[in-house]
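**Student:** Show me how the following folds:
(one chain, ligands or ions: 1)
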Amino acid sequence: MKFNTKILGTGSFLPDKILTNDDIAKRVDTNHQWIVDRTGIHERRIADPSKDETPSGMAKIATERALEVANLTANDIDLILFSATIPDHFFPNTACMLQHKLGITNGCPALDVNAACTGWMYLIPMANAMIQTGLYKHILVVGGEMTSSFNNWDDRNTCILFGDGCGVAILGRASENEESQIYSTVLTADSTKRDHLKIPAGGAVQRITHEVLEKGENWVQMNGQEVFKSAVKTMAALSEKVINDAGKHMNDVDWFIPHQANLRIIEAVGNRFGFPPEKVIINVDKYANTSSASVPIALDEAIRDGRIKRGDNILLAAFGGGLTAGAAFLKY
Ligand code: UT7
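**Tutor:** Next up, the predicted model:
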């Protein structure tokens, strides 16, 4: 028996603390207008770990919001898949931390996946396959990111770009009379570009030493222009592919939710296939790049404010370090 996958509920959490471009300009040589012109970002949110605004702590609140919409309880979740570029800890994994915080007692498996900003998108085809085959019934798919923990606040090339937040979706079975389904998905990774976006130290290859800290190798490093070019090309190509694979046309897309890294990247992708700007969901101005949380946060916001309705066809696309990329086309 093959089941169709339905998004049963979504939720998100953004910390209250706002960091404006002017705040950043007090620390590094930049200014509000440069940041807005080059990225479209006006402000971003910053998590406070003392209030448990950690990847798992933010995910707890986002999940509770999604459970309410889905009319489920935490113990109905039978698999947790968590994308966090920087997890709570190397281990136990963040999915286990979340299982604990949600008070889940059913012993459901809990797994972290890291594909940088593409992490949540990487989990969608995996969760889809497991719903379709009947292996699991209610899969919690989380993108929970505290990018402020890898952001170098003295590097103007990167510190303007990122923000904290969490978005989740609970995937389950569509009933026989429902149209909801995931039409098509695609994932890629191009390791020839692995050095364009990375955190060199802190893992097994290069442990943290005084020298590492002095050189700032424990922070994110990026070749912005290379990432930009690759992001536009890949997100446009993968978006076209999932639409074609679904046997659909660009006109069939009701909403496009791209990874929220840079407004210029989003506009360039839309222009490549002549996609109407009013059908593109954008919140990079408010939250900056929340890594793998960006697509599920934007999805949740657009559902909650009534733009996305049941029956709409939604195109999702993301890219990130690796360089990884992915897209999905679905009926909500
Ligand atoms: O999830 C994936 C995450 N990464 C991305 O999505 C990043 C993709 N790349 C980008 O978004 C863009 O490349 C950036 C926003 C990072 C940079 O924009 P750009 O148009 O590619 O600027 P650039 O790197 O070519 O820099 C232009 C100038 C340089 O000065 P000179 O050499 O022309 O004198 C930079 O030093 O702007 C300077 N610059 C800044 N000036 C003010 C770089 N960062 C800043 C800054 N404020 N924050």
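
**Student:** can I get the CA coordinates of stretch 272-286 in PDB?
**Tutor:** The C-alpha coordinates for stretch 272-286 follow below in PDB (Å, rounded to 0.1, in the frame of the first residue of the first chain):
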ATOM      1  CA  ARG A 272      15.300  33.000 -14.500                       C
ATOM      2  CA  PHE A 273      12.000  31.300 -15.000                       C
ATOM      3  CA  GLY A 274       9.800  34.400 -15.200                       C
ATOM      4  CA  PHE A 275       8.100  33.600 -11.900                       C
ATOM      5  CA  PRO A 276       5.600  36.400 -10.800                       C
ATOM      6  CA  PRO A 277       7.200  38.200  -7.700                       C
ATOM      7  CA  GLU A 278       3.800  38.300  -5.900                       C
ATOM      8  CA  LYS A 279       3.800  34.500  -5.700                       C
ATOM      9  CA  VAL A 280       7.200  34.400  -3.900                       C
ATOM     10  CA  ILE A 281       7.200  34.200  -0.100                       C
ATOM     11  CA  ILE A 282       9.800  36.500   1.300                       C
ATOM     12  CA  ASN A 283      10.800  37.200   5.000                       C
ATOM     13  CA  VAL A 284      14.600  37.600   4.600                       C
ATOM     14  CA  ASP A 285      14.100  41.300   5.400                       C
ATOM     15  CA  LYS A 286      12.900  40.500   8.900                       C
END
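
**Student:** what's that stretch in contact with?
**Tutor:** The contact list for stretch 272-286 (CB atoms under 8 Å, 6 or more residues apart in numbering) reads 39-44, 232, 236, 239-240, 250, 253-258, 260-263, 266-267, 269-270, 294, 297-299, 301-302, 307-308. Heads up, the C-betas are built off the backbone N, CA and C, glycines and all.

**Student:** same check, this time on stretch 17-27
**Tutor:** Outside stretch 17-27, the residues within contact range by CB under 8 Å, 6+ apart are 30-32, 35-36, 41-48, 153-154, 159-160, 163.

**Student:** One more pass at 6 Å, please.
**Tutor:** Asn31, His32, Ile35, Glu43, Arg44, Ile46, Trp153, Ile160 (CB atoms under 6 Å, 6 or more residues apart in numbering).

**Student:** Filter the contacts of stretch 272-286 down to just the ones in strands.
**Tutor:** Glu43, Arg44, Trp255, Phe256, Ile257, Pro258 (DSSP state E).

**Student:** quick one: which of these is nearest the ligand?
**Tutor:** Set against the ligand, the nearest of those by CB to the nearest ligand atom is Pro258 (10.9 Å).

**Student:** Make a PyMOL selection of the buried ones in the contacts of stretch 272-286.
**Tutor:** Of the contacts of stretch 272-286, the buried ones can be selected in PyMOL as follows, counting by 16 or more other CB atoms under 10 Å:
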select buried, resi 39+40+41+42+43+44+232+236+239+253+254+255+256+257+258+260+261+262+263+266+267+269+270+294+297+298+299+301+302+308
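
**Student:** check the contacts of stretch 272-286 against the ligand, which are close?
**Tutor:** Taking CB under 6 Å from any ligand atom as the test, the ligand is in contact with Thr39, Ala261, Asn262 out of the contacts of stretch 272-286.

**Student:** Correct me if wrong: the last one contacts Ile41.
**Tutor:** No - with contact taken as CB atoms under 6 Å, Asn262 and Ile41 are classed as non-touching, separated by 7.8 Å.

**Student:** In the stretch 101-250 of the chain, which residue sits closest to the ligand?
**Tutor:** Across the stretch 101-250 of the chain, the shortest distance to the ligand (CB to the nearest ligand atom) belongs to Gly224, at 2.9 Å.
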